[in-house]
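> need a structure here:
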Amino acid sequence: MTTHAGAFPAAGSLNERWHRLALTLFTFVVIAHWAEHLAQAFQIFVLGWPRPQAGGVLGLWFPWLVTSEWMHYGYAVVMLVGFFALAPGFTGRAKKWWKIALWIQFWHHFEHLLLLVQALTGRTLLGHPQPVSVLQLVLPRVELHLFYNAIVFVPMIVAVYLHMRPSREDRAAARCTCAGA
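This is a model prediction of the structure:
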């Protein structure tokens, strides 16, 4: 295992000795984000709240924040950086699934970039009254984000599962200690 003096965690050690901790923290952030979207869906579909008032748990205290395209874009960037930064720690079948999640998140990031640019410029896609993403042209925003979260989360969790329980070949190629002894 390589270590880099003075850096915490250094690029090499992030995917070696710090990989399990970083992956755990990243997974926690992803699950917390999922919980927000599920709370919002509960508010709309079970409690019958109007969509503009259904902002998840965070939206109860900071309604201005959940309507900010900057917040959504920032989260999409954090996700993309996390996927790229943690990718070198994956091997074999787990790496394949991690890359699937990464590329889906890359598209999701593009959609949020498109929304942010529209919000900043005031020029919307196809003359819509508010910013819309490409897939939002066919799916409402709440349902679209539930869909995006699912199609990013499922391959990510498959990757994490395979990474924590690797085949003999994948374990031999691993640089980190996520799978234990």
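> Give me the residue ranges of the protein where confidence is low.
1-11, 180-181 (pLDDT under 70).
> can you pull out the helices in it?
Applying DSSP state H to the chain gives helices spanning 11-14, 19-45, 56-61, 63-66, 69-86, 92-121, 141-164, 168-173.
> As CSV, those with mean neighbour count and distance to Val132 would be great.
Quick note: C-beta positions are derived from backbone N, CA and C, even for glycine. Output for these, formatted as CSV (neighbours: other Cβ atoms under 10 Å; distance: least, Cβ to Cβ, whole Å):
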stretch, mean neighbour count, distance to Val132
helix 11-14, 17, 36
helix 19-45, 16, 18
helix 56-61, 15, 20
helix 63-66, 13, 17
helix 69-86, 17, 11
helix 92-121, 18, 7
helix 141-164, 18, 8
helix 168-173, 12, 41
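> Would you format the ones you listed as CSV with distance to Pro131 included?
As requested, these are exported to CSV (distance: least, Cβ to Cβ, whole Å):
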stretch, distance to Pro131
helix 11-14, 34
helix 19-45, 18
helix 56-61, 18
helix 63-66, 15
helix 69-86, 7
helix 92-121, 4
helix 141-164, 10
helix 168-173, 42
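> Measure how far stretch 109-125 is from the centre of its chain, please.
Between the centre of stretch 109-125 and the centre of its chain there are 19 Å (Cα atoms, centre = their mean, to the nearest Å).
> hmm, who's touching it?
Here stretch 109-125 makes contact (Cβ atoms under 8 Å, 6 or more residues apart in numbering) with 69-70, 72-73, 75-77, 79-80, 130-137, 148.
> again with stretch 145-158
So stretch 145-158 is contacted by 27, 30, 33-34, 37-38, 41, 79, 83, 97-98, 100-101, 104-105, 108, 111, 139 (Cβ under 8 Å, 6+ apart).
> Give me the distance from it to the chain's centre.
Distance, stretch centre to chain centre, for stretch 145-158: 8 Å (Cα atoms, centre = their mean).
> Just the C-alphas of that stretch, formatted as PDB.
In PDB, the C-alpha atoms belonging to stretch 145-158 read as follows (Å, rounded to 0.1, in the frame of the first residue of the first chain):
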ATOM      1  CA  HIS A 145     -35.600  12.100 -10.100                       C
ATOM      2  CA  LEU A 146     -36.900   8.900  -8.500                       C
ATOM      3  CA  PHE A 147     -36.100   7.100 -11.700                       C
ATOM      4  CA  TYR A 148     -32.600   8.600 -11.900                       C
ATOM      5  CA  ASN A 149     -31.900   7.800  -8.300                       C
ATOM      6  CA  ALA A 150     -33.000   4.200  -8.900                       C
ATOM      7  CA  ILE A 151     -31.000   3.700 -12.000                       C
ATOM      8  CA  VAL A 152     -27.800   5.100 -10.400                       C
ATOM      9  CA  PHE A 153     -28.400   3.400  -7.000                       C
ATOM     10  CA  VAL A 154     -29.000  -0.100  -8.200                       C
ATOM     11  CA  PRO A 155     -25.700  -0.600 -10.200                       C
ATOM     12  CA  MET A 156     -23.900   1.200  -7.400                       C
ATOM     13  CA  ILE A 157     -25.200  -1.100  -4.700                       C
ATOM     14  CA  VAL A 158     -24.400  -4.200  -6.900                       C
END
